[in-house]
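Participant: my questions concern the predicted model and sequence given below.
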Amino acid sequence: MKLMRVGPPGRERPCVMGPDGRVLELSSLTTDIDGAFLEGGGVERVRSALADGLLSEAGPYERVGAPVARPGKIVCIGLNYSDHAEETGAPSPPEPVVFMKAPNTLVGPDDEVLVPRRSVKTDYEVELAVVLGRTARYLSSPEQAADVIAGYAIGRQCQRIGQA
């Protein structure tokens with residue numbers, strides 16, 4: 001099951017790609033794929049509706065949008081493996097390097113990624129994005145962490161390394 005948001009920027013509608021590859025409408029279940037949907041059992045409702053054959057095929061669309069609408073925050077881990085640290089010329093950090101990205105930097109897979117005008121070197125990366133379905137604080141086990149994961153996505157990022 002692949003949750004999707006399709007349509008023009010700012011007017012995406014929620015859909016799901018079923019096991020047969022068809023894209024199906026979720027508007028009967030939710031207005032969007034957002035924090036309230038994820039935290040409120042939305043993924044389970046979609047699974048159930050798919051199994052029961054209750055979803056209709058989506059009409060044509062030209063764009064796939066960001067996977068989640070209005071994320072509360074985007075937390076990133078930098079230099080998260082030794083080869084990456086080595087290729088940047090940085091020493092491997094003793095602890096993960098944590099940084100934030102603005103929620104409006106989340107875009108669809110074919111959307112334009114804006115690069116600052118004076119950028120002289122831009123670093124493009126593809127990452128595993130983990131989508132949390134509810135608040136996670138002070139978790140004491142891998143099992144507790146797994147319980148808050150709503151899904152996964154491919155994340156690509158680009159960041160300015162230097163400027164003119």
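Facilitator: Here it is on my side, so go on. Numbering: from 1, shown residues only.

Participant: could you point out the longest helix in the protein?
Facilitator: The helix that spans the most residues within the chain, counting by DSSP state H, is helix 42-51.

Participant: so what's the gap between that helix and the chain middle?
Facilitator: The chain centre lies 19 Å from the centre of helix 42-51; the measure is Cα atoms, centre = their mean, to the nearest Å.

Participant: convert the C-alpha atoms of it to PDB, please.
Facilitator: Output of helix 42-51 as PDB, limited to C-alpha atoms (Å, rounded to 0.1, in the frame of the first residue of the first chain):
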ATOM      1  CA  GLY A  42      -6.000   6.600   9.100                       C
ATOM      2  CA  VAL A  43      -3.600   4.000   7.900                       C
ATOM      3  CA  GLU A  44      -5.700   1.200   9.400                       C
ATOM      4  CA  ARG A  45      -8.900   2.700   7.900                       C
ATOM      5  CA  VAL A  46      -7.300   2.700   4.400                       C
ATOM      6  CA  ARG A  47      -6.200  -0.900   4.800                       C
ATOM      7  CA  SER A  48      -9.700  -2.000   5.800                       C
ATOM      8  CA  ALA A  49     -11.300   0.000   2.900                       C
ATOM      9  CA  LEU A  50      -8.800  -1.600   0.400                       C
ATOM     10  CA  ALA A  51      -9.500  -5.100   1.700                       C
END
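
Participant: mind listing what's buried along it?
Facilitator: 42-43, 45-46, 49-50 (16 or more other Cβ atoms under 10 Å). In short, each C-beta sits where N, CA and C put it, glycine included.

Participant: and for stretch 89-109?
Facilitator: Those would be 106, 108, for stretch 89-109 by 16+ other Cβ under 10 Å.

Participant: what do you get for stretch 116-132?
Facilitator: Applying 16+ other Cβ under 10 Å to stretch 116-132 flags 129, 131-132 as buried.
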